[in-house]
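1. quick one, fold the following:
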Amino acid sequence: METNNDYNLKPGFRNAFGAGWQVMMDNFLRLFLVVVVLAIITGPYKFIDFKMDASDFHGAPWNWNWDDADNWEHLFGIASIGLFAAFFALLAFLYALLVAPVFQFGGDMMFVQAARKIKPDFEYFVKGFMENYLSIVLANLLVIALVVLGLFALLIPGIIIGCRLVFVSYIVMDKKLDPIEAVELSWKMTRGHGWKIFLMGFASFFIILFGFILLIVGVLPAIIWVSSSFASLYESVNREMNKTAEPEVVAA
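-> Below you'll find the predicted structure:
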């Protein structure tokens, strides 16, 4: 669907942040809500403060009057704490792998909608569960695996891979491609834009850091601006590729 584009959507460092700022200002409340929801939904395990101590087991049925009962109680407490910790670690891992990416990908697509001057659709938070869930999970897993492998290979390859695959989440949601196709298309789309993406990521770190310095008040607007800028870059590169792919019409 074609939309009236008033943003300066051209591939480039300054253009991306400039368009991202306009996108943020035009859709601030909606994008603010997107960021708040993502902060709550995609990281609940960070708020778990599960603490146990062996002393909590005093008076339990296994606390018999043996001479070494305290030692048994202590060992059982340590084992129980280890099992509970492992259980919650497993839940956090499964949540981060199977649930969080769906919301993150949906959130990315809402920023793309804003860059297209389309009202962000909050149904994208759950659309991924119903439409292309497997592609989202596998694409996220594939990107993480490739970046980690690259980081182990002297760090720099991991940074390069991370920059070249930055569009994968947008592509999966926007074009409904499978994980391999999404990775391949992201690699193609970012050809010639790697340094811009790297510099945008570098600048984004300081933008968000500055938001924290402002008594954390500015961190959410900073995240909105950064997310809008990357979505604007994706949309600008996407339009550039579509324009190049359009066949020329020869007048008769």
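
2. now the closest residue to residue 138 other than its chain neighbours: phi and psi?
-> Leaving aside its chain neighbours, residue 138 sits nearest to residue 179 (4.3 Å; criterion: Cβ to Cβ, 6 or more residues apart in numbering). Every residue, glycine included, has its C-beta placed from N, CA and C. Per-residue torsions, residue 179: phi -60, psi -40 (degrees, to the nearest 10).

3. residue contacts, residue 179?
-> Listed by Cβ atoms under 8 Å, 6 or more residues apart in numbering, the contact partners of residue 179 are 135, 138-139, 141-142, 172.

4. pLDDT-wise, which helix or strand of the protein ranks last?
-> Sorted by mean pLDDT, DSSP states H and E, the helices and strands of the chain end with helix 69-98, the least confident at a mean of 72.

5. on that earlier part again, are any of the contacts of residue 179 buried, and which?
-> Buried subset of these (neighbour count, 16 or more other Cβ atoms under 10 Å): 135, 138-139, 142, 172.

6. so the residue nearest to residue 227 when sequence neighbours are not counted is in which element?
-> Sequence neighbours aside, residue 111 is the residue nearest to residue 227 in space, at 5.0 Å (criterion: Cβ to Cβ, 6+ apart). Assigned by DSSP states H and E, residue 111 belongs to helix 100-115.

7. which SS class is residue 122?
-> Assigned with DSSP: H, G, I helix; E, B strand; the rest coil, residue 122 falls in the coil class.

8. surely it touches residue 110?
-> Yes: contact criterion Cβ atoms under 8 Å: residue 122 and residue 110 qualify, at 7.3 Å.

9. joint contacts of the two?
-> Common contacts of residue 122 and residue 110 (Cβ under 8 Å, 6+ apart): residue 34.

10. these two: who's more crowded?
-> residue 110 (27 against 15; other Cβ atoms under 10 Å).

11. which non-adjacent residue is nearest the more buried one?
-> Nearest residue to residue 110 in three dimensions, chain neighbours excluded: residue 120, at 3.9 Å (Cβ to Cβ, 6+ apart).

12. neighbours of the one you found, how many?
-> For residue 120, the count of nearby residues is 20 (other Cβ under 10 Å).

13. how much space between it and residue 24?
-> 12 Å (Cβ to Cβ, to the nearest Å).

14. need the overlap of contacts for the two.
-> By Cβ under 8 Å, 6+ apart, the residues touching both residue 120 and residue 24 are residue 31.

15. outline the domain layout of the chain.
-> Annotated domains of the chain cover 13-43+99-243, 54-94 [automatic domain parsing].

16. show me what contacts the residue nearest to residue 227?
-> By Cβ under 8 Å, 6+ apart, the contact list for residue 111 reads 23, 31, 34, 120, 227-228, 230-231.

17. please list the members of these that lie in helices.
-> Mapping those onto helices (DSSP state H) picks out 23, 31, 34, 227-228, 230-231.

18. so which two of the residues you listed are the farthest from each other?
-> Using Cβ to Cβ, these span at most 13.7 Å, a distance reached by 34 and 230.

19. list the residues that contact the residue lying closest to residue 171 once chain neighbours are set aside.
-> Excluding the flanking residues, the one nearest residue 171 by Cβ to Cβ, 6+ apart is residue 182, at 4.4 Å. Counting by Cβ under 8 Å, 6+ apart, residue 182 touches 135, 139, 168, 171-172, 175.
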